[in-house]
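> sequence-free structure coming up:
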């Protein structure tokens, strides 16, 4: 979490938000248990292996994936660098709004761009098994960062397809 700025202190060059450890581990662990439970239990019964020997590699994979999770967002003075399955840079000048959206019982932060593109961020996020107590504060930091760095010549752009009405 970012610390509030003290008056007169220099602003940070970058701010990074990543999913917390529990936000990564719990959904992966739940998904792993659901997908593997029937298959593993049948395999254990057929082969005669102890359950611990079968689950050890699976649990290690879940732990490693959750610790090295590349997901998140880095706020820089010129752009938001979105870390997803592929890295993407969204210049602040093209961002039209920063909003919270409800998705699958949770809430996520979404960047709306001038060309109509919607970029849903993987962090911050909050919801079932992904509780983030600082979600509202992180959303506020992203919004304030956008307002501070979008430039003085920034103007709102109407969404595509909503141009001026035809006048006769």
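Sure, I can see it. Since the model is a prediction, treat every value here as computed from it, not as a measurement. Numbers count the residues shown, from 1 in each chain.
> going forward, measure contacts between C-alpha atoms and count neighbours the same way
Will do.
> quick check: phi and psi at residue 141.
Residue 141 has phi and psi values of phi -60, psi -40 when expressed as degrees, to the nearest 10.
> and for the one 4 residues further on?
Torsion angles at residue 145 (phi, psi; degrees, to the nearest 10) stand at phi -60, psi -40.
> for residue 92, see how far away the nearest residue in space to it that is not next to it in sequence is.
Leaving aside its sequence neighbours, residue 145 sits nearest to residue 75 (CA to CA, 6 or more residues apart in numbering; 7.4 Å). For residue 75, the distance to residue 92 (CA to CA, to the nearest Å) stands at 10 Å.
> same check on residue 82?
Between residue 82 and residue 92 the distance is 12 Å, computed by CA to CA.
> and what of residue 130?
Applying CA to CA to residue 130 and residue 92 gives a distance of 27 Å.
> more neighbours, these two?
residue 92 (24 against 20; other CA atoms under 10 Å).
> for the record, mean pLDDT for stretch 135-145?
Here stretch 135-145 scores 93 as its mean pLDDT.
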